[in-house]
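return a 3D structure for these sequence lines:
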Amino acid sequence: MNNQVGLWIDHREAFLVFSDELNAVTEDIKSGLEKHVRFSMSEDGKADDQRDKQFQTHLNQYYDKLIKHIANSKSIFIFGPGEAKVEFKKRLEGKGMGKHIVGVETVDKMTPHQIEAKVHQYFKKCVL
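A predicted model of the protein is given here:
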């Protein structure tokens, strides 16, 4: 298997496509975050700060889990609808994997088949 991976990512889910010219292996990884994260109120009234900190901690764990799945990839194409793609890119750079990122694009919600097709199309155009 070639060391190319494309991943569609948002805060709730990532769909990974490990690709070469003939084959694709896909994996769907959930973050475990709900659309609206709800944590209990703190007694000192700093509920928003606590929620933000817990949310960010959970996201970092999610991103680290994804990084473990793509650790051997030499070319990483990241795409998705919101902030998660940029946050994940920064996390990769912080882990010393920034040089493997070959592209970052904004796209809307996609089906698994559309995601696979986009990854194949991207790497077909990209001579690495």
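
drop to CA atoms for contacts and neighbour counts, all remaining ones
Fine.

just checking, next helix/strand downstream of the lowest-mean-pLDDT helix or strand in the chain?
When the helices and strands of the chain are scored by mean pLDDT, DSSP states H and E, helix 47-70 comes last with a mean of 87. Using DSSP states H and E, the helix or strand that follows helix 47-70 towards the C-terminus is strand 75-80.

just checking, what packs against the helix or strand following that next one?
For strand 75-80, the following helix or strand on the C-terminal side (DSSP H and E) is helix 84-94. If contacts are counted by 3 or more Cα pairs under 8 Å, 6 or more residues apart in numbering; DSSP states H and E, helix 84-94 sits against strand 4-9, helix 47-70, strand 75-80, strand 101-106.

would you mind finding the most buried of those?
Mean neighbours per residue, mean count of other Cα atoms under 10 Å, is largest over these for strand 4-9, with a mean of 27.

now it: average pLDDT?
Averaged across strand 4-9, pLDDT comes to 96.

and for stretch 114-128?
Summarised as a single mean, pLDDT over stretch 114-128 is 85.

ok, and what's touching that stretch?
4-8, 15, 17, 19-21, 24, 75, 77 (Cα atoms under 8 Å, 6 or more residues apart in numbering).

among the residues you listed, which one sits closest to residue 107?
Of all the contacts of stretch 114-128, residue 107 sits closest to residue 8, with 8.6 Å by Cα to Cα.

so the closest one touches residue 80, yeah?
Yes: with contact defined as Cα atoms under 8 Å, residue 8 counts as touching residue 80 (5.0 Å).
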